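Undergrad: The sequence and its predicted three-dimensional model are supplied below.
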Amino acid sequence: MPQFNDDFNALLDARFPILLCETHEESRVLARLREICNARNVPLFLWSLADGLKRSTETNAVYNTSEFTDALKHVDATPQNGLYVFLDAHPFFDNPLNTRLVREIAFDHYRRDRTLLFVSPRLELPSELARMSARIAMLGITADRVRSLLKEEIERWQRESRRQLVLDRESLPILVHQLAGLGEEEAQRLIRQAISVDGELNLNDAKRIARFKQDQQAGSLEMTLPDVTLDQVGGFARLKTWIAQRQAVFQNPALAPGLPMPKGILLLGVQGAGKSLVAKAVAGSWKLPLLRLDFATLYNKYIGETEKNLRQALDEASRMAPCLLWMDEIEKGLSAGDADDGISQRILGTLLTWMSERDTSVFVVATANDISKLPPELLRKGRFDELFFVDLPSGPVREVIFSLHLKKRGLDPAHFQMARLIEHSEGYSGAEIEQAIIAAQYAALAANGPLMHAHVESELMQTRPLSVIRAEDFERLRGWAQQRCVMVD
């Protein structure tokens with residue numbers, strides 16, 4: 001792991017007295033630390049509650065150092081320079097004596113050159129120590145390393161089982177993408193599990209890995225693995241072309257080394273026009289887990305907690321990468337209120353910072369109904385790759401929508417007078433067309449007969465779509481989007 005070694009050496013050269021490494025891969029970190037300390041000729045000491053404090057090259061611990069406080073007292077008193085690594089010390093910082101001892105060691109760092117490194121799966125230092133410390137990350141494995149692991153595990157399984165593995169070549173890039181970023185041991189276990197289940201590697205294994213990654217999180221994002229694809233969505237021809245052009249690069253960035261990774265899109269449009277369906281269909285087409293961010297679940301009455309909840313949700317999405325992050329009705333989470341104490345502005349700042357700085361494979365699909373409530377900072381070029389406007393479906397698109405919903409219910413569209421249905425559904429959204437067919441099904445059921453054309457036409461004629469009820473809002477939205485957005489059709 002050259003990057004970890006380089007970053008750690010830079011922190012040692014900068015003479016930070018306290019270092020933090022949050023990771024589940026303790027053995028990988030210790031292996032890197034041994035390399036670094038050997039190269040620098042720096043003594044390495046390890047402490048754990050089970051073993052006490054001992055030099056990494058020795059088996060016996062220093063006398064009376066099994067307790068964290070006693071180990072710190074020893075380090076504070078010893079003239080021995082070196083790197084002192086404390087494993088799983090996070091529960092002990094509740095004791096103010098321990099905090100003070102760490103500060104004493106840190107204050108003396110320039111004279112005695114003793115560096116403290118705390119390694120734990122999760123660690124938050126007290127505020128009086130935070131400004132004296134620096135964090136270092138043990139990055140997950142790369143796609144190239146995943147491919148090497150897959151090759152090793154496939155060969156091992158075939159050698160031991162004396163069988164040929166069934167490999168779905170089309171699913172292989174998706175599988176690699178899901179494993180990249182995990183810990184090496186973690187990825188190796190998941191590969192072995194996937195192979196041993198049925199002697200195959202396919203799309204089901206990629207989905208299983210996505211569920212595993214979701215199970216490791218405890219955040220507020222809802223994850224699904226959509227089965228719907230863009231082929232099952234009526235209309236959106238221009239958007240479908242745009243998405244198809246970027247799929248290969250998103251799934252395998254190495255195909256275009258100088259091309260930036262696709263970031264995401266904003267879908268603005270009328271209610272019921274299919275924005276939510278498209279978000280699910282993009283995830284289904286790209287075979288990605290869909291993470292839905294509900295801003296309402298983030299809000300907390302205590303100052304700073306709402307922004308913290310958002311940061312945790314965004315961090316969770318980054319750890320789930322590659323994935324699609326769906327921000328539904330984003331204007332409801334970012335619109336400023338008269339008495340929100342600046343929460344909406346802080347939420348916006350947190351979101352914009354993440355959108356600008358993220359370097360993980362998280363494709364964002366944000367949907368919005370009301371442009372007047374969206375902050376202008378969010379609409380600036382570069383936040384999203386493109387702004388799309390979803391208008392009410394045209395006649396040909398409505399015909400496709402009718403056909404899709406009729407076929408979905410086992411009905412032949414040829415038995416319906418499509419020209420009349422298109423005529424009577426002028427101004428209807430896709431959702432309203434589906435509801436008209438559902439209502440027609442109930443009418444047919446009440447009449448003890450099959451669903452007929454007359455049932456659907458009757459429902460269309462007696463319903464007033466939202467585009468009629470809120471005509472002024474629709475025209476205002478269309479007028480804004482005409483010069484600012486790309487039409488989906």
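TA: Happy to help now that I have it.
Undergrad: Could I get the full set of helices for the stretch 301-450 of the chain?
TA: Ranges of helices in the stretch 301-450 of the chain, per DSSP state H, counting those that start in this stretch, are 305-320, 330-334, 343-357, 376-379, 395-408, 418-424, 430-446.
Undergrad: Out of the ones you listed, the one nearest Leu239 is which?
TA: Closest approach to Leu239 among these (Cβ to Cβ): helix 395-408, 12.1 Å. Just so you know, the C-beta spots here come from the backbone N, C-alpha and C atoms, and that holds for glycine as well.
Undergrad: Contacts for that closest one, please.
TA: 232, 234-235, 393, 412-413, 416, 418, 421-422, 425-426, 428, 430, 433-434, 437, 489 (Cβ atoms under 8 Å, 6 or more residues apart in numbering).
Undergrad: Filter the residues you listed down to the buried ones and hand me the PyMOL line.
TA: Buried subset of the contacts of helix 395-408, written as a PyMOL selection, criterion 16 or more other Cβ atoms under 10 Å:
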select buried, resi 234+235+393+416+418+421+422+425+428+430+433+434+437+489
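Undergrad: For Gln80, which three-state class applies?
TA: Assigned by DSSP: H, G, I helix; E, B strand; the rest coil, the conformation of Gln80 is coil.
Undergrad: residue contacts, it?
TA: Going by Cβ under 8 Å, 6+ apart, the list of residues near Gln80 reads Pro43, Arg114.
Undergrad: State the distance from it to His74.
TA: Gln80 sits 9 Å away from His74, taking Cβ to Cβ, to the nearest Å as the criterion.
Undergrad: Point out the most buried one among the helices of the stretch 301-450 of the chain.
TA: Sort these by mean neighbour count, taking mean count of other Cβ atoms under 10 Å, and helix 330-334 sits at the top with a mean of 21.
Undergrad: From the chain's centroid, how far away is it?
TA: Relative to its chain's centre, helix 330-334 lies at 19 Å (Cα atoms, centre = their mean, to the nearest Å).
Undergrad: what's that helix packed up against?
TA: Applying 3 or more Cβ pairs under 8 Å, 6 or more residues apart in numbering; DSSP states H and E, one finds that helix 330-334 contacts helix 343-357, strand 362-368.
Undergrad: Now tell me which of the ones you listed the model trusts least on average.
TA: Here the helices and strands packed on helix 330-334 differ in mean pLDDT, and the lowest is helix 343-357 at a mean of 82.
Undergrad: Check which helices and strands it sits against.
TA: helix 305-320, helix 330-334, helix 376-379.
Undergrad: And the average pLDDT for the shortest one is what?
TA: Right, the one you point to is helix 376-379. What helix 376-379 shows for mean pLDDT is 82.
Undergrad: Name the surrounding residues that touch it.
TA: Applying Cβ under 8 Å, 6+ apart, the set of residues contacting helix 376-379 from outside is Leu266, Ile330, Leu334, Leu348, Leu351, Leu352, Arg383, Leu387, Arg484.
Undergrad: ok, so of those, who is nearest Ser48?
TA: Checking those one by one against Ser48 (Cβ to Cβ), the nearest turns out to be Leu351, at 39.4 Å.
Undergrad: List the residues that contact that closest one.
TA: Taking Cβ under 8 Å, 6+ apart as the test, what Leu351 contacts is Leu310, Leu314, Leu334, Leu378.
Undergrad: Looking at those residues, which one is closest to Thr65?
TA: Leu314 (40.0 Å).
Undergrad: Now do the same contact list for that closest one.
TA: Taking Cβ under 8 Å, 6+ apart, we find Leu314 in contact with Thr350, Leu351, Trp354, Arg358.
Undergrad: let's see 7 Å
TA: Trp354 (Cβ atoms under 7 Å, 6 or more residues apart in numbering).
Undergrad: Which parts of the stretch 151-300 of the chain are helices?
TA: 172-179, 184-198, 203-215, 237-251, 275-286.
Undergrad: circling back to that earlier point, could I get the helices and strands packed on helix 343-357 as JSON lines with distance to Val456?
TA: Compiled in JSON lines, these are given as follows (distance: least, Cβ to Cβ, whole Å):
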{"stretch": "helix 305-320", "distance to Val456": "41"}
{"stretch": "helix 330-334", "distance to Val456": "33"}
{"stretch": "helix 376-379", "distance to Val456": "39"}
